[in-house]
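A structural model of the following input is requested.
(chains A and B)
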Protein chains: 2
Amino acid sequence: MKTIIIGGSATGMGVAAKLKRLDPKNEIIVIQDKEYVSLGACGIPYFVGDNFSNPETLIARTVEKFEETGVKVIKNTKVDNVNFESKEVFFNNESLKYDKLVIAVGSKPIIPSIKNVNANNIFTVNSKEDGIIIKNKITKESKVLIIGSGLIGLEMVENIYNSKHSKITIIEKADKILKNIFDEEFSDLVENKIHDKNITLIKNDEVIEFLVDNKNNVTHAKTRNGETIQCDSVILSIGVLPNTQLFKKTNLEMELNGAIKINQYCETNIADVFAGGDCCSSLSFLYKNTKTFYLATIAHKQAKIIADNINQSMSNQFMGGLGTTIIRFFDLELARSGENRTFMENQKIKTREILIKDKDHTNYVSDQEDLWLKIIVDNNTNEIINVQLAGKNKSVLRIYGLVSLIWSRVKVDHSLEQIDLPYSPPFSRTTDIIHIALSKLV
Amino acid sequence: MKTIIIGGSATGMGVAAKLKRLDPKNEIIVIQDKEYVSLGACGIPYFVGDNFSNPETLIARTVEKFEETGVKVIKNTKVDNVNFESKEVFFNNESLKYDKLVIAVGSKPIIPSIKNVNANNIFTVNSKEDGIIIKNKITKESKVLIIGSGLIGLEMVENIYNSKHSKITIIEKADKILKNIFDEEFSDLVENKIHDKNITLIKNDEVIEFLVDNKNNVTHAKTRNGETIQCDSVILSIGVLPNTQLFKKTNLEMELNGAIKINQYCETNIADVFAGGDCCSSLSFLYKNTKTFYLATIAHKQAKIIADNINQSMSNQFMGGLGTTIIRFFDLELARSGENRTFMENQKIKTREILIKDKDHTNYVSDQEDLWLKIIVDNNTNEIINVQLAGKNKSVLRIYGLVSLIWSRVKVDHSLEQIDLPYSPPFSRTTDIIHIALSKLV
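Below you'll find the model as predicted:
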């Protein structure tokens, strides 16, 4: 059986690797628009921040390693068209027929339609080349403008600040940092940390024009509210969208945002065509709605499911995502999982919630730090549907416990209140923050 | 209603505090054999190790604070007898009648019958006074013999080593450190750490005699295998037993180890007599057997249950313990939860298990460390019944997730394999060690 995979990142190469393991006789061809495959894009901010110096470290597995297993990789090649009727993929004036097709084209950064947005010193955070150019072009103590303060924007802030001692300005369109991911109490902690670091944060505003010099380098950004921000470099991190324009004119079913619709088997509406990862809308675990997660963890899981189902029809199902996220921002750590506020409000889900501020461990062991926990419960099902944590010292790894409770769909009752969590002075208090929260929710 | 509580530690004072909160009119009398109540005994090793200097920090809440809420504390008083028929407690040639009695007498260190075991420089780790005397008597660079290598023994080793630069010898009767708590692979990590620190570890051996000087101070310990160990101080940490000898001749039902039998309401076999904490045998969550946990977390929970049930009969039930434990030993961390090997073997429970050695987070963020995880599954129920973790950097806080999975009695299947755990380079890898383990257990 011949499988063609369009896209050589987490989903695509995950499918390739698993499918070869399942049956070495599987013929697998990956068509990839870059020189390399298996980019760990999550590592780009840490490369920029000098956590490591060799950009090849970003590559989880090389083309050569894949080819040793018999996977064929057609590099530096853009797919021009796909004919789902004849089961053909067209590229470089050639075409290849497939038995099964996997669309794993991922996402691409949103580029706003702003004058001079194509200037030389405006960068996105998407490819290995992006990482290399940012690391080279942003000089020590330069002025950097970060547009958008989502997870990648914040990771870039931390890493550029630490490695380049840059003067950083963040501009955020919304009235809060991380608005759709964390509630205000948690956004405030991030905003306080930004202020502590003397980083400028402009909210409720957006860039409407870049001013460039005669070498097409941005020198200033003008904002809707009339600010003029001087800058040597600009990082565009306002978000991503599914990279699916190739399929716009086909009968492949997509969401309004361009995400490919898939079922639990990662099948699209077209026979023998699978899709997974950032280019898809996926099942949300709790309420069985769909959303686009843009998370490497989801891509990895769907890759495995696609490979299983190519190997044996409908043998593995995607159970859904929770949008579990964890981030370090300087010494502050945040983690969250579960449904978001917008969905809860739109669906008029009746909830109760509690916010606890406590300490991560006993007062008599050094480095005791604040720890915040919010838990939201669906009053109808009595299940936990959202958790948010903020702290230091890796104390937010308690998210593992809270994700497990959400995933298990355990009821918030007197039994759960007694869950036997660990205690020892360097790690926790005898009554853990999770116990305190649960006792107020039963 | 008049409640008498015998014992002023975690369970006793927990009952007192909760009962007053439930109804300030409750008359509560605590009879405590010490000058103080609410000792956080878990803090003693950290006090000895100079994590803090004021021993009063070990006291979670003072007698005065309790008395302000109307709880009466009779200090420095040993109960001589209890008449369950007349509902009377005898002490200091007085007696008091109760409506409800709470036995919260805790545990006491096992003192082996060894010649000269009452020498001046042999210490246990049980009271505030123990902490103060150990801290004063163990001088810098002295020779310390630690007898028993359970959790408290190891915490004492770390703290005495760090603060006193002592030359430490550990003697352990069993063939492995932490034998009944962790499997060999995990014990080995602790033993390696002991060797790294140039601490002497003698296994399969025990002290049979202490040699003392003319001031009744131990100078040497002789062992069964013929060793003679020179020492300036001895810490006895071979374990604890329920402190229940007062009730030996009553009709209070007890286990062979002296633990008071209680039901899920923390009621003893005698009407209006409750018991909880270290002096009891308690329900084990998974298989509904009973055991004595000797854990502050269990004591805290049972205190709340006793108060609830005194306030309103049979209103709260103890759901059971998992024996969840976490410990730091120098930079090594270990955590475990669930049934132990002895029980599994005795009950002939058919299990499958996996041991994974992986890394705590991505290779390109600093301080990546090894992480070990063992998961044991009951083949009959397909539920997780034991987990063990070892690592550094607080990575063992993943125990929160594993405890939650055990507590939720979730089945180990393809659905669980997809649990949406967090990923970000400083915290984890895209495929977390828990995913790796689960994928091999489904």
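
go through chain A and flag its longest helix.
Counting by DSSP state H, the longest helix found in chain A is helix A:296-311.

helix or strand right after that helix?
Downstream of helix A:296-311, the next assigned helix or strand under DSSP states H and E is strand A:325-329.

what angle sits between that following strand and helix A:296-311?
Strand A:325-329 runs at 150 degrees relative to helix A:296-311, counting by axes from the mean of the first three to the mean of the last three CA atoms, to 10 degrees.

for strand A:325-329, the distance to its chain's centre please.
A distance of 11 Å separates the centroid of the chain from that of strand A:325-329, by CA atoms, centre = their mean, to the nearest Å.

and stretch A:94-102, by the same measure?
29 Å.

the closest residue to A:Tyr36 other than its chain neighbours and chain B: what is the separation?
By the measure of CB to CB, 6 or more residues apart in numbering or on different chains, the closest residue to A:Tyr36 outside its immediate chain neighbours is A:Ile59, 5.4 Å from it. From N, CA and C alone the C-beta is placed, and that goes for glycine too. Using CB to the nearest CB, to the nearest Å, one gets 11 Å for the distance from A:Ile59 to chain B.

hang on, A:Ile59 packs against A:Leu39?
Yes: applying CB atoms under 8 Å, one finds A:Ile59 in contact with A:Leu39, separated by 6.3 Å.

what touches both of these two?
A:Lys128 (CB atoms under 8 Å, 6 or more residues apart in numbering or on different chains).

which one of the two has more residues nearby?
When A:Ile59 is set against A:Leu39 and neighbours are counted by other CB atoms under 10 Å in any protein chain shown, the residue ahead is A:Leu39, at 23 against 17.

how about the more buried one, what does it touch?
With contact taken as CB under 8 Å, 6+ apart, A:Leu39 is in contact with A:Ser9, A:Leu58, A:Ile59, A:Ala60, A:Ser127, A:Lys128.

now do 7 Å
A:Ser9, A:Leu58, A:Ile59, A:Ser127, A:Lys128 (CB atoms under 7 Å, 6 or more residues apart in numbering or on different chains).

give me the element A:Ile132 is part of.
Take DSSP H and E as the rule and A:Ile132 turns out to sit in helix A:128-137.

check which helices and strands that helix is in contact with.
If contacts are counted by 3 or more CB pairs under 7 Å, 6 or more residues apart in numbering or on different chains; DSSP states H and E, helix A:128-137 sits against helix A:44-48, strand A:122-123.

got the buried residues for that helix?
By neighbour count, and taking 16 or more other CB atoms under 10 Å in any protein chain shown as the criterion, the buried residues in helix A:128-137 are A:Lys128, A:Asp130, A:Gly131, A:Ile133, A:Ile134, A:Lys135.

same deal with stretch A:369-384?
Neighbour counts using 16+ other CB under 10 Å place A:Leu371, A:Trp372, A:Leu373, A:Lys374, A:Ile375, A:Ile376, A:Val377, A:Asp378, A:Asn382, A:Glu383, A:Ile384 of stretch A:369-384 among the buried residues.

the third one bridge partners, please.
If I follow you right, that is A:Leu373. Applying DSSP bridges to A:Leu373 yields these beta-bridge partners: A:Ile356, A:Leu389.

would you confirm that it contacts A:Ala437?
Yes: with contacts counted by CB atoms under 7 Å, A:Leu373 reaches A:Ala437, the gap being 5.4 Å.

common neighbours of those two, please.
A:Ile356.

helices along the stretch 301-442 of chain A, start to end?
If DSSP state H, counting those that start in this stretch is used as the criterion, the helices of the stretch 301-442 of chain A fall at A:341-346, A:399-407, A:414-417, A:433-441.

how about the stretch 151-300 of chain A?
According to DSSP H, counting those that start in this stretch, the helices that the stretch 151-300 of chain A contains are A:151-164, A:184-196, A:296-311.

for chain B, which of the ones you listed is the nearest?
Of all those, the one in closest proximity to chain B, counting by CB to the nearest CB, is helix A:296-311 (4.8 Å).

the closest one vs chain B: in contact?
Yes: Helix A:296-311 reaches chain B (CB under 7 Å from any CB of the partner chain) through A:Ala296, A:Thr297, A:His300, A:Lys301.

A:Arg336 - how many residues pack around it?
Should you count by other CB under 10 Å, A:Arg336 turns out to have 27 residues around it.

how far away is it from chain B?
According to CB to the nearest CB, A:Arg336 stands 9 Å off from chain B.

isn't that residue up against A:Ala390?
No: using CB under 7 Å, A:Arg336 makes no contact with A:Ala390, being 9.4 Å away.

can you list the residues of the stretch 201-350 of chain A near chain B?
Near chain B, the residues belonging to the stretch 201-350 of chain A are A:285, A:296-297, A:300-301, A:316, A:319, A:321-322, A:324-328, A:335, A:337 when assessed by CB under 7 Å from any CB.

hmm, back to that, take the buried residues of stretch A:369-384 and write them to JSON lines, including distance to B:Asn121.
JSON lines is the format used below for the buried residues of stretch A:369-384 (distance: CB to CB, whole Å):
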{"residue": "A:Leu371", "distance to B:Asn121": "41"}
{"residue": "A:Trp372", "distance to B:Asn121": "46"}
{"residue": "A:Leu373", "distance to B:Asn121": "46"}
{"residue": "A:Lys374", "distance to B:Asn121": "51"}
{"residue": "A:Ile375", "distance to B:Asn121": "50"}
{"residue": "A:Ile376", "distance to B:Asn121": "56"}
{"residue": "A:Val377", "distance to B:Asn121": "55"}
{"residue": "A:Asp378", "distance to B:Asn121": "60"}
{"residue": "A:Asn382", "distance to B:Asn121": "57"}
{"residue": "A:Glu383", "distance to B:Asn121": "57"}
{"residue": "A:Ile384", "distance to B:Asn121": "52"}
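
fine by me, thanks again.
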